[in-house]
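S.K.: structure for this input, please:
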Amino acid sequence: TRGGAPALYGCDELERPLRLDGTFNRGNKSLAFTGIRRLNDFARWAADRPEQCIIVAGHSLWFRTFFQLFLPKQFEHISKKSKIVNCGAVGFTLQTGLTPE
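M.R.: Sure, this is the predicted structure:
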């Protein structure tokens, strides 16, 4: 459409009207709310969502740290070493499971 957002296809959730859900926005972070906790909270939140597709925007340093934390230590991947370029996009599938004790 002229002057509007392009139509998005491929996922039912993307074809619904866009909306912002600020339910989990807790405002400015406190000193007790550490980066690791925020990363774990986000991963838990994303894994528990009923939608098949989630679009997230954020800082490239946050995403690099997320991949460093959640990808296996021995796994070599550019996302663990490099930040996303300005206006860049990354797609991935988040899977959950249990780690051996």
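
S.K.: and the helices in the chain?
M.R.: 35-48, 60-70 (DSSP state H).

S.K.: for the shortest one, what is the average pLDDT?
M.R.: In other words, helix 60-70. Taken as a whole, helix 60-70 has a mean pLDDT of 92.

S.K.: that one versus helix 35-48: what angle between them?
M.R.: 80 degrees (axes from the mean of the first three to the mean of the last three Cα atoms, to 10 degrees).

S.K.: picking that back up, could I get the helices of the chain as a markdown table with distance to His77 and mean neighbour count?
M.R.: (Each C-beta comes from the backbone N, C-alpha and C, glycine too.) As requested, the helices of the chain are arranged in a markdown table below (distance: least, Cβ to Cβ, whole Å; neighbours: other Cβ atoms under 10 Å):
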| stretch | distance to His77 | mean neighbour count |
| --- | --- | --- |
| helix 35-48 | 17 | 13 |
| helix 60-70 | 7 | 16 |
